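Enquirer: Everything below, folded, please.
(one chain, ligands or ions: 1)
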Amino acid sequence: ALTADDCSCIKAIWQSVSSHPDHYGGEALYRMFLSHPQTKTSFPNFDFDKDSPQIKAHGKKVVDALTEASKHLDNIDGALNKMSDLHSLNLRVDPGNFSLLTHNIIVTIADNLPDKFDCLTHQALDKFLAAVGCALTHKYR
Ligand code: ZNH
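Expert: Numbers count the residues shown, from 1 in each chain. All right, here's what the predicted structure looks like:
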């Protein structure tokens, strides 16, 4: 579970991330598509170029959803309930892909905010994004 220290680390770094959601989200998705090309199959007809407006637009949606979750760290499942239905019941993307995206979100944050990405923040983000992954996949049947 997230400790009080985890929560303050997440809230602090997420202020920077949430103020440029298309930049962070877009870079994380771009890295995921490049490092794990199999994840592209979830997005047929997408333009996967570096400055793809589609990647940026989708990245913004992802980061905005995480921003919402960051405001409800005591109830991440509840905050992402609708997203959970969408991913588990509707999109049915490979559940293994969630850790690929969350890994690339962490790499993106580390690369963009090296001074803020200390060990405790890294640990807190890892726990936060693991909880998000669980929230989005626990309804798979
Ligand atoms: Zn997802 C969609 C979030 C992961 C795939 N997503 C989506 C959205 C959001 C999200 C917000 C939008 C919705 C609406 O519009 O309503 N995701 C998210 C998050 C995460 C995710 C937060 C984690 C972290 N996804 C994911 C993955 C994948 C995906 C991993 C695969 C690979 N999504 C997806 C798809 C979609 C989505 C396919 C749909 C798109 C369109 O159609 O546009």
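
Enquirer: What are the phi and psi values at residue 42?
Expert: Note on residue 42: backbone dihedrals following degrees, to the nearest 10 are phi -70, psi -10.

Enquirer: residues in contact with the residue positioned nearest the centre of the chain?
Expert: The residue lying closest to the centre of the chain (Cα atoms, centre = their mean) is residue 102, at 5.0 Å. Shown in contact with residue 102 (Cβ atoms under 8 Å, 6 or more residues apart in numbering): 129-130, 132-133. Every residue, glycine included, has its C-beta placed from N, CA and C.

Enquirer: what does this protein put close to the ligand?
Expert: 39, 42-43, 61-62, 65-66, 83, 86-87, 91, 93, 97-98, 101-102, 132, 136 (Cβ under 6 Å from any ligand atom).

Enquirer: Try it again at 5 Å.
Expert: Counting by Cβ under 5 Å from any ligand atom, the positions of the chain adjacent to the ligand are 39, 42, 61-62, 65, 91, 93, 97-98, 101.

Enquirer: so where do the helices sit in this protein?
Expert: Ranges of helices in the chain, per DSSP state H, are 4-18, 21-35, 53-70, 76-79, 81-85, 97-112, 119-137.

Enquirer: Let me have those helices in a markdown table, extended by mean pLDDT and distance to residue 47.
Expert: Below are those laid out as a markdown table (pLDDT from 0 to 100; distance: least, Cβ to Cβ, whole Å):
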| stretch | mean pLDDT | distance to residue 47 |
| --- | --- | --- |
| helix 4-18 | 98 | 24 |
| helix 21-35 | 98 | 11 |
| helix 53-70 | 98 | 5 |
| helix 76-79 | 97 | 30 |
| helix 81-85 | 96 | 24 |
| helix 97-112 | 98 | 18 |
| helix 119-137 | 97 | 25 |
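
Enquirer: among the ones you listed, which is the most enclosed?
Expert: The highest average neighbour count among the helices of the chain, using mean count of other Cβ atoms under 10 Å, belongs to helix 21-35 at a mean of 20.

Enquirer: Noted, bye for now.
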